[in-house]
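Asks: Any chance you could fold what I've pasted below:
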Amino acid sequence: MGQFEGFIGVDFWTALFVLLNTLAIFFVARKFLFNPVHKMITDRQKEIDTMYADAGKAKEEAEKLEAEYQQKLADAQATSDRLVQEAVRRGQDREEEIVRQATEEATAIMNKASSDIAMEKKKAINDAKNELSSMAVAIAEKVVGRELKEKDQSALVDHFIDELGDN
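Replies: Below you'll find the model as predicted:
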């Protein structure tokens, strides 16, 4: 059994050296491997968290800008609609004003033409009266053989015109 015990047996000094070597490797690995790796992982995690936070802020800013853009676009559309409606209204007002002015001018022309016609008619009647009175006086002078007074002449002309108007 001697050899079997040597094979399975545990030597105290060997176990102590193995334990001390393991502890030394652990502390050296912890000092030069675990701590830097842990620090590197922590730094990377902080960097990733910062990137996510920045991305979230950028997304919020983009959404805010998009909402602002949509609002400005809606305002611009409303303004353009209002301007178009105003231009149409002004065009209709101008059209009504032009039609009103044309109507007034046509009415004024018609009134002037009517007054001109009445005046021309009156003038023609007066001219006819004067000519007829001259002819009547000339005829009367030849028939009566004497000169008529202006009063008599006027009465004869009026009587003659009245008789013409009745026919």
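
Asks: hey, let's count contacts and neighbours off CA atoms from now on
Replies: Will do.

Asks: pLDDT averaged over the helix or strand containing residue 110, what's the number?
Replies: For residue 110, the host element (DSSP states H and E) is helix 35-144. For helix 35-144, mean pLDDT rounds to 89.

Asks: ok now it, how far from the chain's centre?
Replies: 12 Å (C-alpha atoms, centre = their mean, to the nearest Å).

Asks: who does that helix touch, helix- and strand-wise?
Replies: Applying 3 or more C-alpha pairs under 8 Å, 6 or more residues apart in numbering; DSSP states H and E, one finds that helix 35-144 contacts helix 150-166.

Asks: Do me a favour and average the pLDDT over the helix it packs on.
Replies: The model assigns helix 150-166 a mean pLDDT of 70.

Asks: how close does the spatially most central residue of the chain get to residue 77?
Replies: The centroid of the chain falls nearest to residue 83 when counting by C-alpha atoms, centre = their mean (2.3 Å). According to C-alpha to C-alpha, to the nearest Å, residue 83 and residue 77 sit 10 Å apart.

Asks: likewise residue 161?
Replies: Per C-alpha to C-alpha, residue 161 is found 79 Å from residue 77.

Asks: So between these two, which is more surrounded?
Replies: residue 161 (16 against 12; other C-alpha atoms under 10 Å).

Asks: okay, now the residue nearest to that one when sequence neighbours are not counted: neighbour count?
Replies: Excluding the flanking residues, the one nearest residue 161 by C-alpha to C-alpha, 6 or more residues apart in numbering is residue 129, at 7.4 Å. As a burial measure, residue 129 scores 17 neighbours (other C-alpha under 10 Å).

Asks: now residue 129: how far from residue 116?
Replies: 19 Å.

Asks: before we move on, what about residue 85?
Replies: Taking C-alpha to C-alpha as the measure, residue 85 falls 46 Å from residue 116.
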